[in-house]
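S.K.: All I have is the shape, not the residue letters:
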């Protein structure tokens, strides 16, 4: 298997950087090939610019320029290299600290620039159906989110003040990974790292090692597929999760609390 690790470690002294190195070492110890993109080390520019597509300014929707650039071979060479890394990866691992209820801007900007129209989305099957939410461009790949948060675990529970951790990560696991066809595994959220009872760095490392050591037996989050469970207006069919509106309705079975 070939894994692509994308890290938003804020510094070489951060827990995120430590866990990135731990994940890379564990995957290599299992015999997998590993590519690592440490975005801050790369001084990644998070902003989509016309030069990404070999043009001086945007004159049409950005997505149209992205499609043209891929067809004409004018896409930025760094973006192109990262797209090639995505193409050849079997497993994509995102490692980041949870900042303001989401991924740091540098990682969001990586997706903005690399997951372009015509590459990650905007594709259609033989019947003309839009390929997304299960049948996306990257169907067959798997994804894993590894994130750290400061507040206590109870604050990210079903009735937690910060919101359920599964809901907070939904825009990533469902809105990015599943949207593009990547089957997301259950996220590994290391909670409470700023609390007195946090077990410490070695415990965090061991949780990462254990999760990566069991990749072969892990089942993806059971998200519903667009063409099977939603109507023409992309609303969940009435026979599913009747009377509910929470995010868990997009799972084929209720998530255990």
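M.R.: Here it is on my side, so go on. All values reported here derive from a predicted model rather than from experimental measurement.

S.K.: Could you name the specific helix or strand carrying the nearest residue to residue 47 once chain neighbours are set aside?
M.R.: In this structure, residue 47 finds its nearest non-sequential neighbour in residue 109, 6.4 Å apart by CB to CB, 6 or more residues apart in numbering. Quick note: C-beta positions are derived from backbone N, CA and C, even for glycine. Residue 109 belongs to helix 105-114 when assigned by DSSP states H and E.

S.K.: Report how many residues lie close to residue 22.
M.R.: Other residues lying near residue 22 total 21 when counted by other CB atoms under 10 Å.

S.K.: and it, what is it in contact with?
M.R.: 205, 208, 209 (CB atoms under 8 Å, 6 or more residues apart in numbering).

S.K.: excluding its backbone neighbours, what's nearest residue 169?
M.R.: Spatial nearest neighbour of residue 169, excluding adjacent residues (CB to CB, 6+ apart): residue 187 at 5.3 Å.

S.K.: tally of neighbours for the one you found?
M.R.: Number of residues near residue 187 (other CB under 10 Å) recorded here: 19.

S.K.: Could you check the longest helix anywhere in the chain and say which residues are buried?
M.R.: The longest helix of the chain (DSSP state H) is helix 15-29. For helix 15-29, the neighbour count (16 or more other CB atoms under 10 Å) marks 15, 16, 17, 18, 19, 20, 21, 22, 23, 24, 26, 27 as buried.

S.K.: Could you report the distance from the closest residue to residue 151 other than its chain neighbours to residue 88?
M.R.: Among residues not flanking residue 151 along the chain, residue 162 sits closest, at 6.0 Å (CB to CB, 6+ apart). The gap separating residue 162 from residue 88 is 36 Å, by CB to CB, to the nearest Å.

S.K.: Then residue 212?
M.R.: Here residue 212 is placed at a distance of 19 Å from residue 88 (CB to CB).

S.K.: Compare the two and say which is more crowded by neighbours.
M.R.: Neighbour count, other CB under 10 Å: between residue 212 and residue 88, residue 212 has more, with 24 against 10.

S.K.: hang on, the earlier thing: pick the one among the contacts of residue 22 closest to residue 64.
M.R.: Among the contacts of residue 22, residue 208 lies closest to residue 64 (CB to CB), at 40.3 Å.

S.K.: isn't that closest one right next to residue 23, touching?
M.R.: Yes. Under the criterion of CB atoms under 8 Å, residue 208 is in contact with residue 23, at a separation of 5.4 Å.

S.K.: Between the two, which contacts overlap?
M.R.: residue 146.

S.K.: re earlier: what pLDDT, on average, does the next helix or strand after the longest helix of the chain get?
M.R.: In the C-terminal direction, the helix or strand that comes right after helix 15-29 (DSSP H and E) is strand 33-38. Mean pLDDT, strand 33-38: 98.

S.K.: Give me the next element, helix or strand, following strand 33-38.
M.R.: helix 62-72.

S.K.: List of residues touching that following helix?
M.R.: Residues outside helix 62-72 that contact it (CB under 8 Å, 6+ apart): 48, 50, 52-55, 58, 74-75, 116-119, 122.

S.K.: Would you mind giving me the ChimeraX syntax to select the buried ones in those?
M.R.: Selecting only the buried entries of the contacts of helix 62-72 in ChimeraX, with 16+ other CB under 10 Å as the criterion:
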select :48,52,53,75,116,117,118,119,122
